[in-house]
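Chemist: Next comes the sequence, and after it the predicted model I'd like to discuss.
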Amino acid sequence: MNTQFRLALILACLPSAARAELPTIDGVFSDWGEQYSVASDEQGDAIASFDLSKVSAVTNGSELYVHFDIGSEINLQSGIESDGTLRLEIALPRRQELTIDFRKRTAISSADPNQSIPWSELGFACLPTFASERYELRLDLQMFNVQPDDRIQLNFSGSDQLDQAVSIVLQKRHPRSLKSTFAKSDTSNFRIANLNTLRQGMSNNDRSGSIKRLLAAAKADIFCFQEEWDETAFRKAAAQIVPTEGQVNLHWSNGCGIASSLPLEPIAMELDRCAAAIIELPNSKPLVVISVHLKCCGFTGSREDLARVQQAKQLAAGIQKIRNREASRELADAGVVVIGDYNLVGSRKPLDILETAGLSELLLLGVDKRAAFTWRGLRKEESFWPGRLDLVTYDHATLRPAGGFLIDTSSLSKKSLRDLRLLAHDSEASDHLMMVADFHVRSVNPSQ
Ligand SMILES: [Ca+2]
Ligand SMILES: [Ca+2]
């Protein structure tokens, strides 16, 4: 047992997964009721920036879910050095120990202290990716051969620690059923899908086949793309792999693309990395679609974060300008969807700005409804854990969300893969997952 653990243990009586829904790793914390609370800690006692005050936990077989707060709104995975770090320490049966160091972004087993365990091998997910006072995470201890009724101990170290380690008995596993259909709830809704294709995946010989199958399975009316850096290659590839019944209409600008068999009119935006177009929906109503790729990297307050904030302001101003455009008065009431790679790894401010401009976020989960991350590193040595980089926001005055999901073929059953004509490795064509979102166009007259 780690020497940093105190001798005294709290024998926490944890709720069984059979009696309550397991938390969803989506960065929303309403699923963490008081029954999950396992420890409290004094506020103001931290030696650096992470100051724990409340910890919750629940298990499902070998899966461990933890929720904790850190006392200030900073990113867990990245920040200034003086923040220090926070480590989650898990003491396991047979004297095994697992340490998650959040700022070093490592998962170290005592059996092999020189090598970080790939996040994929731990089924690790932790959200939100933007700076927050609270976080929730999930990891799977299967590789440590834990069994139901095994006892494990949790504590933290680094910036703060609990007075006493928390003792947890692993509960029996309750499997969740998987959704096997991607069908729209109502055929009159429109569907939009998005994929950051990772360095021009659409025209990459090794990956375009997978992307073609993903696009076909999504059955979207409008497809948006990012990281398609070459316009000629994008147009050529899109004509071959975007599923359409007739002609495919395309718009491309600075790595961002839009493809649809619906009529499409490109529009100019001041934001440098986006593609915007007016799509004519089957009911002849106009829809403004903006495929965006905001600035990458950084943390809250970093220059990259400030650049994203600036880009969000440009987007909000651009949307207002489109609505005010005198030549197209009908656009004042047009639906607006901003979809793509927001790279929201610093502050939440870019999203706050779009919300102030009348847009709302649609939270999408994987088809197994367990997590909302949209990106995961494909390399085993990737230090960043899965995060939520891709988002869809919509004008809530004109559009009503009508469902949506993330496609990760690695989480689909064999039957689902067969039904959807997908292969288990298809989502590995990119480090981003495909987002699919359905919307209903609200009537202009609210009484209808
Ligand atoms: Ca949650
Ligand atoms: Ca504390």
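Modeler: Looks like it came in fine. Numbers count the residues shown, from 1 in each chain. Ligands and ions are numbered 1, 2, ... in the order given.

Chemist: Am I right that Ser302 is in contact with Gly346?
Modeler: Yes. With contact defined as Cβ atoms under 8 Å, Ser302 reaches Gly346; the gap is 5.9 Å. For the C-beta atoms, the positions are set from N, CA and C on the backbone; glycine is no exception.

Chemist: so which residue of the stretch 51-200 of the chain comes closest to ligand 1?
Modeler: Across the stretch 51-200 of the chain, no residue is closer to ligand 1 than Glu136, which sits at 5.2 Å (Cβ to the ion).

Chemist: Would you list the phi and psi of the closest residue to Gln43 other than its chain neighbours?
Modeler: Once flanking residues are discounted, Gln43 sits nearest to Ser53: 4.9 Å by Cβ to Cβ, 6 or more residues apart in numbering. Main-chain dihedrals, Ser53, degrees, to the nearest 10: phi -130, psi -20.

Chemist: Run through the residues that contact Ser53.
Modeler: Each residue near Ser53 by Cβ atoms under 8 Å, 6 or more residues apart in numbering is listed here: 40-43, 69, 71.

Chemist: Could you rerun that using 7 Å?
Modeler: Ser53 makes contact with 40-41, 43, 69, 71, according to Cβ atoms under 7 Å, 6 or more residues apart in numbering.

Chemist: helix or strand for the residue in the stretch 301-448 of the chain positioned nearest to ligand 2, which one?
Modeler: Nearest to ligand 2, among the residues of the stretch 301-448 of the chain, is Gly301, at 22.6 Å (Cβ to the ion). Assigned by DSSP states H and E, Gly301 belongs to no helix or strand.

Chemist: what's the neighbour count on it?
Modeler: 17 (other Cβ atoms under 10 Å).

Chemist: swap in Ala275?
Modeler: Neighbour tally, Ala275, other Cβ under 10 Å: 27.

Chemist: hang on, the earlier thing: not counting its neighbours along the chain, what's nearest the residue of the stretch 51-200 of the chain closest to ligand 1?
Modeler: His67 (4.6 Å).

Chemist: cool, and Ile108?
Modeler: Thr99 (4.9 Å).

Chemist: who's in contact with the helix or strand where the one you found lies?
Modeler: Per DSSP H and E, Thr99 falls inside strand 96-101. Residues from elsewhere that reach strand 96-101, judged by Cβ under 7 Å, 6+ apart: 2, 85, 87-92, 107-111, 144.

Chemist: helix or strand right after that strand?
Modeler: Once the chain leaves strand 96-101, the next helix or strand it forms, by DSSP H and E, is strand 106-109.

Chemist: before we move on, the earlier item: and the contacts of strand 96-101, which two are the farthest apart?
Modeler: Largest separation among these by Cβ to Cβ: Thr85 and Phe144, giving 22.8 Å.
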